[in-house]
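> Whatever this is, show me its structure:
(one chain, ligands or ions: 1)
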Amino acid sequence: MSEHAAAMSPDFVREALKQVRYPGFSRDIVSFGLVKQIDCQAGSTTVKIEVATRDPKVPQQIFEQCHQVLDALPDIGAVKIDIDVKDAPASGAAAGSAVGTSSIPGVQKIIAVASGKGGVGKSTVASNLAIALAAAGARVGLCDCDLYGPSMAQMFAVREKPMANEQDEIIPIEAHGLQLMSMGFLLDDRSPVIVRGPMATRYIQQFLRQVAWDSLDFLVLDLPPGTGDIQLTIVQTVRVDGCIIVTTPQEVALIDARKAVSMFAKVNVPILGLIENMAWFECDAGKRYPIFGENGGVKEAEFLGIPLLGQIPIDIETRSRGDRGEPVALLDESLNPVSRAFHQIAGQIRDRLSLLENATS
Ligand code: ADP
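Okay, here's the model as predicted:
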């Protein structure tokens, strides 16, 4: 045996496997707790890995990277990588998160959708992701936290006012299988909100805690645009499991998206990834026009070291269906590329949340 033989221990192999990053993350597969067993025999090494995902590319990439790293070790012998792929659960509950760990009663996992700048499509993304998460079998709530410009009533064509239960909690309104709540449901269309500063923060804290969510796997919080006190209060009031940043490819939006990323990093909220909305417009002839610039979000995600969850084109149906309360993700994925993109992104979000849970449990 050569001088390296003594070092070929499971610990040595585990150390080497720390070079293998989980696809789309800066963290490695060892720290995520995916490496379940390492068996070193004379002339052979077997590594057992467990991963929960619905994306076949993930185990494939891990497999290839593990081989790349381990095959390069001297004296390792034959390398066998066994990957046990489990289906990522459609619901937070099935992912094994304990009941009551969330600071909002009745909710398993909280996902915040944020943007630095307004008008980039944050609410459109939040609504469609909520629909796509629910389509995979989860119980999903969507909460519009914008005091000053709530848009959910329009996006879901909600006309009624919510009722209160015996505990004086507000009962969410149901539409398209989602439980919905918005400050806008409680206000008159014509009356602007005049609370500012500390009053506004107290208002939103109370609002977040006084909704009677009914056994949700996921609650999607549509945050107000910006990175000020209100946003910070929300992410500190409730335990957010992960956040998504929405931006257009345009520089002015990217600058603000960067601020949002740094806000979440400061309060230790895991960033699930970035979505580039309004990425291009495709005309009938199939030519793509990058109206707000090309790949700005893609480059930004790379620069910030966060996953790019997807690119959503400018799409007339997305706008018109949003305006009439029928979000585009309700359409069959085969009929509309934007619907397909939202369903695909929802799958990634489920994967990432269960991965993070795996890493912390
Ligand atoms: P925000 O929440 O960031 O203020 P909204 O989701 O309200 O943004 O979107 C602003 C406007 O842009 C809305 O009229 C919405 O229908 C439209 N919009 C958002 N995303 C798209 C898209 N991908 N294609 C076409 N219109 C979009």
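> Helices of the stretch 201-350 of the chain, start to end?
With DSSP state H, counting those that start in this stretch, the ranges of helices along the stretch 201-350 of the chain come out as 229-237, 251-266, 296-304, 316-323, 337-360.
> The fourth one and the ligand in contact?
Yes: part of helix 316-323 sits near the ligand under the criterion CB under 6 Å from any ligand atom, namely 318-319, 322. Every residue, glycine included, has its C-beta placed from N, CA and C.
> check whether the strand of greatest length in the chain contacts the ligand.
Secondary structure assigned by DSSP state E gives strand 271-282 as the longest strand of the chain. Yes: applying CB under 6 Å from any ligand atom, one finds strand 271-282 touching the ligand at 277-278.
> Quick one: distance of the host helix or strand of Arg14 to the chain centre.
Take DSSP states H and E as the rule and Arg14 turns out to sit in helix 10-17. The chain centre lies 31 Å from the centre of helix 10-17; the measure is CA atoms, centre = their mean, to the nearest Å.
> likewise stretch 72-83?
So, by CA atoms, centre = their mean, the centroid of stretch 72-83 is 34 Å from its chain's centroid.
> Give me the buried stretch members for that stretch, please.
73, 76, 79, 81, 83 (16 or more other CB atoms under 10 Å).
> Which residue ranges make up each domain of the protein?
3-86, 107-360 (automatic domain parsing).
> which parts of the stretch 1-150 of the chain sit against the ligand?
115, 118-124.
> before we move on, back to that, buried ones in the longest strand of the chain?
271-280.
> Please apply the same query to stretch 329-338.
Counting neighbours by 16+ other CB under 10 Å, one finds that the buried residues in stretch 329-338 are 329-331, 333, 336-338.
> for stretch 134-143, same thing?
So for stretch 134-143, counting by 16+ other CB under 10 Å, buried means 134-136, 138-143.
> With stretch 204-217 instead?
Buried residues in stretch 204-217, counted by 16+ other CB under 10 Å: 204-205, 207-208, 211-213, 216-217.
> Can you measure across it, start residue to end residue?
The first residue of stretch 204-217 is 22 Å away from its last residue (CA to CA, to the nearest Å).
> Ok, stretch 114-131 next?
Stretch 114-131: ends 17 Å apart by CA to CA.
> List the buried residues for it?
114-117, 120-131.
> Does the lowest-mean-pLDDT helix or strand in the chain pack against any helices or strands, and if so which?
Least confident element among the helices and strands of the chain, by mean pLDDT, DSSP states H and E: helix 197-209 (a mean of 77). Under the contact criterion of 3 or more CB pairs under 8 Å, 6 or more residues apart in numbering; DSSP states H and E, helix 197-209 touches helix 229-237.
> what's the helix it packs on packed up against?
By 3+ CB pairs under 8 Å, 6+ apart, helix 229-237 packs against strand 107-114, helix 197-209, helix 251-266.
> Check which helices and strands the shortest one is in contact with.
Pointing back at strand 107-114 there. Secondary-structure packing of strand 107-114 (3+ CB pairs under 8 Å, 6+ apart): helix 122-135, strand 216-222, helix 229-237, strand 242-247, helix 251-266, helix 337-360.
> just the last one next, same as before
For helix 251-266, the elements it packs on are strand 107-114, helix 229-237, strand 242-247, strand 271-282, helix 296-304, judged by 3+ CB pairs under 8 Å, 6+ apart.
> Switch those over to TSV; also include distance to Thr53 and mean pLDDT.
What follows is these, written out as TSV (distance: least, CB to CB, whole Å; pLDDT from 0 to 100):
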stretch	distance to Thr53	mean pLDDT
strand 107-114	17	94
helix 229-237	27	83
strand 242-247	16	96
strand 271-282	14	96
helix 296-304	19	92
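> which two from the buried residues of stretch 329-338 end up farthest apart in space?
Spanning the widest gap among the buried residues of stretch 329-338 are Leu330 and Pro337, at 14.6 Å by CB to CB.
> Around the ligand, which positions in the stretch 201-350 of the chain sit nearby?
Within the stretch 201-350 of the chain, the positions near the ligand by CB under 6 Å from any ligand atom are 225, 277-278, 312, 314-315, 318-319, 322.
> Low-confidence bits of the stretch 51-200 of the chain, can you list those?
88-102, 188-198 (pLDDT under 70).
> what ranges do the strands span in it?
78-86, 107-114, 140-144, 173-175, 178-182 (DSSP state E, counting those that start in this stretch).
> Listing partners with orientation, what would you give for the shortest one?
Translated: strand 173-175. strand 178-182 (antiparallel) (DSSP bridges).
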